[in-house]
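J.: Okay, here's the prediction I keep looking at, along with the sequence it came from:
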Amino acid sequence: GKNQDEQGHLFLRLDPPFCKVELVGTKYQVKPGYEDHPVLQVTQYGAMAYAKWKGKRLPTEIEWEKAARGGLTGKEYPWGDTISHSNANYEGTDGPDIWLGTAPVGSFPPNGYGLYDMAGNASERCSDVYDNKTNMRVIRGGAWGNERAFLRCAFRCGAGLDYLDNNIGFRCARDISKNTND
């Protein structure tokens, strides 16, 4: 189990309670009971390394937003213009949102493309640079610990390549094959 790249950039911080990954012998594995939860406390380097290991990549910001909207245009959230704890896991608890941390994926209805948690649960790292003044990367989607404004489809923020916290995870993307049989 190697927790850094050749340049020494950290992939994951294992000590915080919100990190649901542990090192067992030489192998990283998800802590029992959290197999369906997003991974938190991961750096941009860790997210990119995992995606590459799976033959995938991080989405661009444009890809992420198109996927998040689920075919709807001009709406605040992936399902429409209002939000409640029936739609997503965000700050506080109410109704179906019983989690004070991440929820298992599939706890809330999917968007129009059948994607879960494009708003809430864990903010997601994108491959794009946040602005032209820093080396930060784009973060989208809002998380379990964020207020509802962070869950809007259009909301964006940035984080450094080495930055980790209890709200930021990632989602992998892959290119669609030109082969129609794939």
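T.: That came through, no problem.

J.: Run through the neighbouring helices and strands of the helix or strand harbouring I62.
T.: Assigned by DSSP states H and E, I62 belongs to helix 61-69. Contact here means 3 or more CB pairs under 8 Å, 6 or more residues apart in numbering; DSSP states H and E; on that basis helix 61-69 packs against strand 123-129, strand 137-140. From N, CA and C alone the C-beta is placed, and that goes for glycine too.

J.: Need the winner for burial among those.
T.: strand 137-140 (a mean of 24; mean count of other CB atoms under 10 Å).

J.: how much space between I176 and K54?
T.: Counting by CB to CB, to the nearest Å, the separation of I176 from K54 is 16 Å.

J.: Doesn't F150 belong to a helix?
T.: Yes: looking at F150 with DSSP: H, G, I helix; E, B strand; the rest coil, it is inside a helix.

J.: Isn't it up against I83?
T.: No: look at F150 against I83 with CB atoms under 8 Å: they stay out of range, at 10.6 Å.

J.: what's the overlap in contacts for the two?
T.: Common contacts of F150 and I83 (CB atoms under 8 Å, 6 or more residues apart in numbering): Y90.

J.: just to revisit the earlier point, so which bits of the helix holding I62 are buried?
T.: Neighbour-count burial for helix 61-69, with 16 or more other CB atoms under 10 Å as criterion, is recorded at E61, W64, E65, A67, A68, R69.

J.: which residues in the chain form strands?
T.: Taking DSSP state E, the strands of the chain run over residues 21-24, 27-30, 123-129, 137-140, 156-159, 168-170.
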